[in-house]
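Engineer: Quick one: sequence plus predicted model below, questions after.
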Amino acid sequence: MANPIRVLHVFSRMDRGGAEMRTLELMRHVDRSRFQMDFLVTSGVKGQLDEEIQALGGKVIPCSLRSMGFPARFGAIVRSGGYDVVHSHLHLFSGLILMLAARQRTPVRIAHFRSMGDAHQDGLLRNVQRAAMRRLLDRHATDILGVSEGALAGSWRGDWRNDPRCRVVYNGLDIAAYRAPSDREGVCAEFGVPVDARLCVHVGRFCEAKNQGRLASVFVELAALQPDAYLLLVGKPGGREEELAHAAINAAGLQDRAVFAGERSDVSRILCAADLAFLPSRREGLPGAVLEACAAGIPVIASDLPGCLEIATHFDLVRCLPLEEPDRVWAEAARDALMSHQPDRAAALARFDASPFSLETCARAITRVWEKGATT
């Protein structure tokens, strides 16, 4: 039997983020006799997914960027691991990672763009750093992947189609959990929601990009239009967006109709019990929360970001609105979706299986890139 292709993923930390979860699903799915996947974490800090990675046969290797010896330690890890592929998920900072991998003559060096920006404020120092990282990435990447056309255009360059290294590989979602029967009664009982209410869900950590403060304002309008509407916010708490969301809910006296659920490991169970999902994000690459809602067969009201629009071309459950539209317009769109939607999870799952967002389609595209490491 041939030796497996050895892939070293590079992340900051293996916590429950969208990119990390999608990569872990890929690890579960691929033939691990053909592909050995390890993870180098540049924070040097343990993550929530470390134990499962190790249970699947992978290593989680701390290598802190804060250390002066980072380049030498990174090179030693790549050499000792005999990696055929270095697959970096660090946005433009992948330029440095792939330069170091090139020094070790790693055959396949992948930069994977997961979002439309790096979430940092513009400034002279930041712009100089970005320019330097772009040059390194352009020189040393053998392959440049984006989770959407918008991610490549927004994070790499507008003419990415002219670069043969660039390609869109949509994230794949493992929908096995979405085939389970709905636990509507259990979910409603757990969160104190009447079983006959209209349950709206948002999934995402509280941060400026996810825009939960705006979502709360939209829900205030929806609550006036749809008196049986409830809102469940699922995601890691903290920061100004959570404060803004609480403030809007409290000012409207809707504390009994909005639940802040924190991080959850049963998102599929919650979505399959819901009636609608919201995603008013300011930035996304390819929003996993929208894909998850489509797998659950519920309508989505989302901002008109490129990644959302790309999903909407395949699923008519997704309606995209500009963030410039008033809260009332968003609320009316949500009310109309709640009133008109007829659940059909079997049809939703069949459509997802046939879409470019299936896990099998994603795995096939990415492993083709990795396989170049065995022939280079």
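Structural biologist: It's in.

Engineer: low-confidence ranges in this protein?
Structural biologist: In the predicted model, the chain carries pLDDT under 70 at residues 1, 117-121, 375-376.

Engineer: centroid residue for it?
Structural biologist: By CA atoms, centre = their mean, the chain has its centre lying nearest to Gly18, at 2.9 Å.

Engineer: In contact with that one, which residues?
Structural biologist: With contacts taken as CB atoms under 8 Å, 6 or more residues apart in numbering, Gly18 has the following neighbours: 114, 171, 287-289. Every residue, glycine included, has its C-beta placed from N, CA and C.

Engineer: redo that, cut-off 7 Å
Structural biologist: The contact partners of Gly18, by CB atoms under 7 Å, 6 or more residues apart in numbering, come to Gly288.

Engineer: Starting from Ser115, give me the distance back to it.
Structural biologist: Using CB to CB, to the nearest Å, Gly18 is found at 9 Å from Ser115.

Engineer: same thing with Arg135?
Structural biologist: 21 Å.

Engineer: Which one of those two is surrounded by more residues?
Structural biologist: The neighbour count for Arg135 versus Ser115, taken as other CB atoms under 10 Å, is higher for Ser115 (23 against 12).

Engineer: Distance from the chain centre to stretch 18-31, please.
Structural biologist: A distance of 11 Å separates the centroid of the chain from that of stretch 18-31, by CA atoms, centre = their mean, to the nearest Å.

Engineer: same question, stretch 288-308
Structural biologist: With CA atoms, centre = their mean as the basis, stretch 288-308 stands 12 Å off its chain's centre.

Engineer: What would it look like as PDB? C-alpha coordinates only.
Structural biologist: Taking C-alpha atoms only, stretch 288-308 is exported to PDB below (Å, rounded to 0.1, in the frame of the first residue of the first chain):
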ATOM      1  CA  GLY A 288     -22.000  27.900   7.000                       C
ATOM      2  CA  ALA A 289     -25.000  29.100   9.000                       C
ATOM      3  CA  VAL A 290     -26.900  29.600   5.700                       C
ATOM      4  CA  LEU A 291     -25.900  26.200   4.400                       C
ATOM      5  CA  GLU A 292     -27.000  24.600   7.700                       C
ATOM      6  CA  ALA A 293     -30.400  26.300   7.500                       C
ATOM      7  CA  CYS A 294     -30.800  25.100   3.900                       C
ATOM      8  CA  ALA A 295     -30.000  21.500   5.000                       C
ATOM      9  CA  ALA A 296     -32.700  21.900   7.700                       C
ATOM     10  CA  GLY A 297     -35.200  23.000   5.100                       C
ATOM     11  CA  ILE A 298     -36.000  26.400   6.700                       C
ATOM     12  CA  PRO A 299     -36.100  29.800   5.000                       C
ATOM     13  CA  VAL A 300     -33.200  32.300   5.500                       C
ATOM     14  CA  ILE A 301     -33.200  36.100   5.500                       C
ATOM     15  CA  ALA A 302     -29.600  37.100   4.800                       C
ATOM     16  CA  SER A 303     -27.600  40.100   3.800                       C
ATOM     17  CA  ASP A 304     -26.700  40.300   0.100                       C
ATOM     18  CA  LEU A 305     -23.100  39.400   0.400                       C
ATOM     19  CA  PRO A 306     -21.500  37.600  -2.500                       C
ATOM     20  CA  GLY A 307     -21.300  34.300  -0.600                       C
ATOM     21  CA  CYS A 308     -25.000  34.500   0.400                       C
END
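
Engineer: how about that stretch: buried residues?
Structural biologist: Within stretch 288-308, the residues that count as buried by 16 or more other CB atoms under 10 Å are 288-303, 305-308.

Engineer: What sits closest to Phe59 if chain neighbours are left out?
Structural biologist: For residue 59 the amino acid is Lys, not Phe. Of all residues not flanking Lys59 in the chain, Asp38 sits nearest, at 4.3 Å (CB to CB, 6 or more residues apart in numbering).

Engineer: quick check, the one you found in a helix?
Structural biologist: No. Going by DSSP: H, G, I helix; E, B strand; the rest coil, the assignment for Asp38 is strand, not a helix.
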